[in-house]
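>>> Attaching a predicted model along with its sequence, questions to come.
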Amino acid sequence: MNDIEQTRFHAKIYGRVQGVGFRAFVMESGVRLGVTGWARNRWDGSVEVVAESDRPTLDRLLTALHQGPRMANVTRIDVDWQPASGEFSSFYVRSTV
């Protein structure tokens, strides 16, 4: 862990984000940026992401989420910023809820 303050966001991504490799895209982006947390599909057709890192890194991840993989069409992202918990050691894909 570095000396830069850690923070967290909980996001729901809407649009054409299932069946287009979105969760794998999020995981690859999170791992590349050194972010910890998870991504999962939701039964309502959205993708949910919880991510922890420093704010500039999380802002870069959010920029990537707005773009998504080639076949995705992101129409909206709802983001809730929270204090980091430090509970994650990596970035992974969780089961659908």
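Arrived safely. Remember, it's a predicted structure, so these values are computed and weren't measured experimentally.
>>> those strands in this structure, which residues are they?
6-16, 36-41, 47-54, 73-83, 91-93 (DSSP state E).
>>> Contacts for the last one next, please.
Contacts to strand 91-93, defined as C-beta atoms under 8 Å, 6 or more residues apart in numbering, come from residues Arg23, Ala24, Met27, Gly30, Val31, Val35, Thr36, Gly37, Trp38, Ala39, Arg40, Ala51. From N, CA and C alone the C-beta is placed, and that goes for glycine too.
>>> go on, the first one?
The contact list for strand 6-16, computed with C-beta under 8 Å, 6+ apart, reads 22, 37, 42, 45-55, 58, 62, 65, 68, 71-86.
>>> Selecting buried members of the residues you listed in PyMOL, what would you type?
Of these, the buried ones can be selected in PyMOL as follows, counting by 16 or more other C-beta atoms under 10 Å:
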select buried, resi 22+37+46+47+48+49+50+51+52+53+54+58+62+65+68+72+74+77+84
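>>> so where's the protein uncertain?
Counting by pLDDT under 70, the chain shows low-confidence ranges at 1-3.
>>> you'd agree Leu33 is up against Thr57?
Yes - judged on C-beta atoms under 8 Å, Leu33 makes contact with Thr57 at a distance of 5.3 Å.
>>> check contacts around Arg70.
Val20.
>>> how about a cut-off of 10 Å?
Applying C-beta atoms under 10 Å, 6 or more residues apart in numbering to Arg70 gives the contacts Val20, Gly21, Phe25.
>>> Show the buried residues in the residues you listed.
Neighbour-count burial (16+ other C-beta under 10 Å) is assigned, among these, to Val20, Phe25.
>>> beta partners of the closest residue to Gln67 other than its chain neighbours?
Residue nearest to Gln67 in three dimensions, not counting chain neighbours: Val74, with 7.4 Å by C-beta to C-beta, 6 or more residues apart in numbering. Partner residues in beta bridges with Val74, using DSSP bridges, are Gly15.
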